[in-house]
Each structure stands twice: as C-alpha cells, then as structure tokens.
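Asker: just a sequence and a predicted model for now, questions to come.
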Amino acid sequence: MLDEVRATSSTRAKVAALGGYLASLGDDDLRRACTFLRGAPFPPGDPRRLGVGWVAIGAVLRELTRAPGDEFHATYRRHGDLGDTAAELLARYPPALFRAPLTLETVARGFEAIAGAQGAASRRVKAAALRTLFHDAAPREAAYLVKIMTSDMRVGLREGLLLPAIASASGRDPAEVRRAALLIADPGEIAVRARHNALHETAIEPGRPFRFMLASPVDAPRDAFAASVPALWVEDKYDGIRVQVHRTAERVAILSRTLDVVTAAFPELVAPLEAVGRAYVFDGEIVAWEGARPLPFVLLQQRLQRRDPLRFMVEIPVVLICFDVLHAGGRDLLGAPLSARREVLQALLPRGPVRLSAGSLARTPEELEARFRAARDAGHEGIVMKRPDSPYQPGRRGRLWTKWKPGVGTLDVVVVAAEYGHGKRAGILSDYTFAVRDGARLVTIGKAYSGLTDEEIAGLSAWFHAHTRRDLGAARLVEPVRVLEVAFDAITKSRRHDSGYALRFPRIVRIRDDKPAGEIDTLDRVRAMHAALARRAAGARDGPPSS
Ligand code: AMP
C-alpha cells in the first residue's frame, strides 16, 4: 500500500489511497496504522523504546537470509538504506519456511516484545522477535518495518499526508483534523475521534502530548511592538531544552520538543513535580544551572546522552523553569490570557528545582533593550516577548510570542548533503550543505565544516552513511533530518544556492537534535534578516539616527 502511495506523485491521489486504506480498518488497527505511518513503533508520548539498531537488525537479516559472505554489505552499499537492503535480500533469499502474513496486530505485538525485553536475556529475546517479524514479512513490508524501527519514515510520510488522509477517511474537514492534532499530537487518537465525530471535544489533556507554541524571531526591539501593543511581557530566553510536563494521577512525564519522553534523564525533577499537584500540564525549559546562573547548553546535552543520569545529577545540576500552564486541576486554560495563566502557575509552583520564569512588563523599545542587556549579563541567550493578553496557541509560531537573540543571529538549518573531508577527515562525511525551508520545499543556503568536535563529526558521519538518499561518490544526499544551528558574518544574495542567498563564513554552533526538521528557519526569515542587516549596515555608514 505504501509503495502505491510512494509511486503516485499527486498529493491528491496519495491522500485518497491512504484515506481509503484507513477507512477500511477497525479502530484498533486504525490507531496502529496511524502510528506506523508516522514512522514510529509507538505513539508520541509513549515511553517505550525498541532499543534495536542497525547492528541488531543487520545481524538478524544476515542470519535469516543466509546471504553469502559480504553480500549484505555489498547490497547495503548499493542502496545506502537498510530498509531497501532488507527488501532485496529477502526477495533474493526468502526464508524457507511457510510465512504467516503480517498483520498490523502482529507487528504491534512484535514491537511490544522487542521493547519489553529486559535483563540478561534481552538481546536474545529482541533478536527472536525481530527474526519472527522479518520471517513473516514480504520483502517490501520488511523495508517499511526497518524504516519504522529506525524511525526513518518520519521524513517521507509526515503528518502532511497523514492528517488529510485521516480527514478523507472520516469525511471530516481537514482544517478541523489539523486543529485537533495540535492539541493531541497522536494521529491514531485523532483518527479514532474523527471517525466517531468527537473532534470538537478535543482539548489539552494531561498525559497526551500537544504541539508547543513557538516564538517568531525579531531583529530589533521596535519590531516586537509592531502590532501596536501597549506593553509586552518579557522573559529571559533560556538556553536549554523545551519541555512539556504532564502530571496524571499515575505519573509525571517530561516530553521534549520532538515529543520524546525524557523523564528518565531528569530524576531529580520528578518528586518536586509530583508534589505540585495531581493533574496539570506545564510548558517550560530545562536548563543546566548552578547557583544563580545557567550553565552552557552542551552540558545539558551531555546529560541527555548518558544512560546513567544519576552520576550527572551532581556534576550537571538542572532546573525546570516553567513559563506556562495549559491545564490545572480539571481546568482548561488554553483560552485564558497569559497574565491569568501566570497567576495560576505562581500559586502552584514552589521554589527549588522547579520554578517560575522571571518576567516583567516593558512599554518601550528602550525598556526592551535594557531587559535584553540584563538577560545577556545574567548568562541567557536573549529575551522572549509575549503579549499579556495572548491565549496559548498550540503549534503556532505567530506574533503573540517573539524572540530576540543578539548579533547577526544564527539560523537553524537542516543538512541535505554531506561530503568527505580531507587530511585527517578523509573518509569522514564532515562538510555539510544545509538548507532552510520555503513552504514545503527545502532550499540550500550554505555549506560549513567547522565548529564541531571530532566526536560530533564522527557521530554525524555514521548517521549520514546510514541515512543516505543518493550516493554521489565524493558526496551523499542525505535524509533531511539533522538540524544544525549555524552562525555567520553576513547574508549575501547569491546564485550559488537554491535559496538565492549565501552565508558568509558560516560555522556550526551546535547540533540541534532537540529541534525537528519541520521547525527550522524559513526563507522568509532569511529575507527579513538580509533586509535588517542591510538597514543596519546603512545606519552604521550614515552614523546613528539623529532622533
Ligand atoms: P529557538 O530555539 O531559537 O527556536 O528559540 C525558541 C525557543 O526558545 C523555544 O522553543 C523555547 O524552547 C525557548 N525559550 C526559552 N525561553 C523561553 C521563554 N521564556 N518562553 C518561551 N520559550 C522560551
């Protein structure tokens, strides 16, 4: 079915094919199908992990197909994709025994068994479950199984197709489906609600992930007042990881910007969060913090990557700074003005590792500038400005929240191609061509190779090898998933890149795995930055304005 979707180039036809398929399923299978179509084994907010990677999958495939010697590697090199490798090997060397065709239910059971395997025998149990799945899979099914297990389909079939297909399957208005999916970011749940005509009842619920409200960048303080607001609520822009906290009667769950469950990485926050109340949803930022100041973002990243967070609790302390509350004790607060939501937060939050963001009102660009300098002096990235009367708008990047970072600024971009380096980086994919978003398209804007540590480059290189779309010899076109923050000295107009712009002296500030590729900077933002920089350059030449 997915090959059919892949083969048709018209979006309309893709949506119709998917919609027809979804409409044919019972409720349980509908949930499963939507989860798998997102390219993940479990719905967002589900803490289970498969814990199998390339190596485990490759070993099972080799054993099952008995492909001779280096054929596995040769096939992989040809495709540059483990899913397509699995399909080809299984087609060429089908397992001898009778296949029991896969169903959505058997796949779900298989994933549960893999994720549930624990302790000393876990590797064996995972391998056995993998073997059963691949044994019963038709070759193309095996390709998709691999893509789901390695979360590769995220790119191909995002919600861009899935949500319209859900609308088509249930006969609902696509806009209504999209709106509901911002409040409950689980397409399986949305599909079942759409089918039973229950979308209008959708609200933020503790325990169900939602899409974060985001801030639009501004390049000068006066731009923040553009919409003639009398006053703005100003907060520090914390340089940590954005999280949503869900407290239900059973548990506390902390979810990252990509809606992954990260609770286990921050054990010290759980008890304080449990003490706050029994049913709530907070929005905030986890920041590495010592004494009165934030610690660099890289330290926090180190904590996320470790398996033994307890060791790092002392070395890299963190705080959770909450700046919003969307639900508290049975009350939906989404439509309440920010000022009222903050009063609720203030009444709930203790001091300690879980705290309220500090903020104040600013009425003029000069006040904003002073606030900005204070934030920088205190070790923060910049400021976030919010309209005091604004509701919380899940999934929106509007003008109700704006952010201001210093200097020329940085861009969040996605890597679309990687090239081999030279000298000590020969054989390593270390030069990255990156792109910004222009609607649904990605347009390239620059290339950078400096700024990362050898370890980070080695990690990226391995990932790009495993996620190559096309191998061009000296370079590889790669799946546009890895987000980088790049700094630069200027933006110039240029024909060299599809965007029509180029960055001068781009350097990589950091890898932004906390940010999904759907949220990178846009070509519109590049245009605005280009214009603002040109204005600034003109201002510098002419001297300061006389007013
Ligand atoms: P950026 O990471 O540059 O896209 O900046 C936007 C991010 O700033 C948001 O997604 C939040 O993670 C973060 N942020 C930091 N401080 C705040 C704050 N006080 N209010 C809202 N968002 C914040």
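Answerer: Structure received.
Asker: and stretch 218-236, is it in reach of the ligand?
Answerer: Yes: judged by C-beta under 6 Å from any ligand atom, stretch 218-236 and the ligand are in contact via Glu235. Where you see a C-beta, it was placed from the backbone N, CA and C, and this is true even at glycine.
Asker: same question but for stretch 400-407, I mixed them up
Answerer: Yes: Stretch 400-407 comes into contact with the ligand (C-beta under 6 Å from any ligand atom), by way of Lys403.
Asker: export that stretch as PDB, just CAs?
Answerer: The C-alpha atoms that make up stretch 400-407 are tabulated as PDB, following Å, rounded to 0.1, in the frame of the first residue of the first chain:
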ATOM      1  CA  LEU A 400       2.000  36.800  20.000                       C
ATOM      2  CA  TRP A 401       5.300  35.500  21.100                       C
ATOM      3  CA  THR A 402       8.500  36.900  19.700                       C
ATOM      4  CA  LYS A 403      12.200  36.200  20.500                       C
ATOM      5  CA  TRP A 404      15.300  38.400  20.100                       C
ATOM      6  CA  LYS A 405      18.800  37.000  20.000                       C
ATOM      7  CA  PRO A 406      21.900  39.100  19.700                       C
ATOM      8  CA  GLY A 407      24.200  40.000  16.900                       C
END
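Asker: grab the nearest non-local neighbour of Glu290.
Answerer: Counting by C-beta to C-beta, 6 or more residues apart in numbering, Pro317 is the residue found nearest to Glu290 once chain neighbours are left out, at 5.9 Å.
Asker: where's that neighbour relative to the ligand, distance?
Answerer: 18 Å (C-beta to the nearest ligand atom, to the nearest Å).
Asker: same question for Val60.
Answerer: 39 Å.
Asker: ok, back up a step: so the residue nearest to Glu290 touches Ala288, yeah?
Answerer: Yes: Pro317 is in contact with Ala288 according to C-beta atoms under 8 Å; the separation is 7.0 Å.
Asker: so which of the two has more stuff around it?
Answerer: Per other C-beta atoms under 10 Å, whichever of Pro317 and Ala288 has more neighbours is Ala288, with 24 against 17.
Asker: spit out the contact partners of the closest residue in space to the more buried one that isn't next to it in sequence.
Answerer: Excluding the flanking residues, the one nearest Ala288 by C-beta to C-beta, 6+ apart is Leu295, at 3.8 Å. Applying C-beta atoms under 8 Å, 6 or more residues apart in numbering to Leu295 gives the contacts 287-289, 316.
Asker: what does Leu295 show for phi and psi?
Answerer: Here is the backbone geometry of Leu295 (degrees, to the nearest 10): phi -100, psi 160.
Asker: ok, back up a step: in CSV, list the contacts of Leu295 along with secondary structure and pLDDT.
Answerer: Below are the contacts of Leu295 laid out as CSV (DSSP: H, G, I helix; E, B strand; the rest coil; pLDDT from 0 to 100):
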residue, secondary structure, pLDDT
Val287, strand, 96
Ala288, strand, 94
Trp289, strand, 94
Ile316, coil, 89
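Asker: quick check, nearest of these to the ligand?
Answerer: Distance to the ligand, by C-beta to the nearest ligand atom, is smallest for Val287 among the contacts of Leu295, at 8.5 Å.
Asker: burial count for Thr263?
Answerer: Using other C-beta under 10 Å, Thr263 is surrounded by 18 other residues.
Asker: need the contact list for it.
Answerer: Contact analysis of Thr263 by C-beta under 8 Å, 6+ apart lists 47, 252-254, 270.
Asker: again, only using 10 Å
Answerer: Going by C-beta atoms under 10 Å, 6 or more residues apart in numbering, Thr263 touches 47, 243, 245-246, 251-255, 269-270, 273.
Asker: can you check Cys34 too?
Answerer: 18, 22, 25, 43, 159, 162-163, 165-166, 169, 186-192 are the contacts of Cys34 under C-beta under 10 Å, 6+ apart.
Asker: is the closest residue to the ligand within the stretch 401-547 of the chain bridged to anything, and to what?
Answerer: For the stretch 401-547 of the chain and the ligand, the shortest gap (C-beta to the nearest ligand atom) falls at Lys403, measuring 5.3 Å. Judged by DSSP bridges, the bridge partners of Lys403 are Pro217, Val384.
Asker: going forward, count from 177.
Answerer: OK, 177 is where the count begins now, so the last one is Lys579.
Asker: how many neighbouring residues does it have?
Answerer: Neighbours of Lys579 (other C-beta under 10 Å): 19.
Asker: that one contacts Leu544, doesn't it?
Answerer: No: using C-beta atoms under 10 Å, Lys579 is not in contact with Leu544, being 11.9 Å away.
Asker: mutual contacts of these two, please.
Answerer: In contact with both Lys579 and Leu544: 394, 400, 559, 561, using C-beta under 10 Å, 6+ apart.
Asker: tell me the domain boundaries of the chain?
Answerer: 216-325, 390-580, 586-710 (automatic domain parsing).
Asker: those into JSON lines, with extra columns for distance to Val181?
Answerer: Output for these, formatted as JSON lines (distance: least, C-beta to C-beta, whole Å):
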{"stretch": "domain 216-325", "distance to Val181": "11"}
{"stretch": "domain 390-580", "distance to Val181": "24"}
{"stretch": "domain 586-710", "distance to Val181": "16"}
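Asker: what about stretch 556-574 and the ligand, touching?
Answerer: Yes: against the ligand, stretch 556-574 shows contacts by C-beta under 6 Å from any ligand atom at Val560.
Asker: got the end-to-end distance for that stretch?
Answerer: In terms of C-alpha to C-alpha, to the nearest Å, the two terminal residues of stretch 556-574 are separated by 22 Å.
Asker: stretch 645-654 now?
Answerer: From its first residue to its last, stretch 645-654 covers 5 Å (C-alpha to C-alpha).
Asker: what does stretch 320-338 give?
Answerer: Using C-alpha to C-alpha, the two ends of stretch 320-338 sit 16 Å apart.
Asker: and what about Asp205, helix, strand or coil?
Answerer: Secondary structure for Asp205, judged by DSSP: H, G, I helix; E, B strand; the rest coil, is helix.
Asker: and the pLDDT for the nearest residue to it once chain neighbours are set aside?
Answerer: Closest residue to Asp205 apart from its sequence neighbours, by C-beta to C-beta, 6+ apart: Leu280 at 4.6 Å. In the predicted model, Leu280 carries a pLDDT score of 96.
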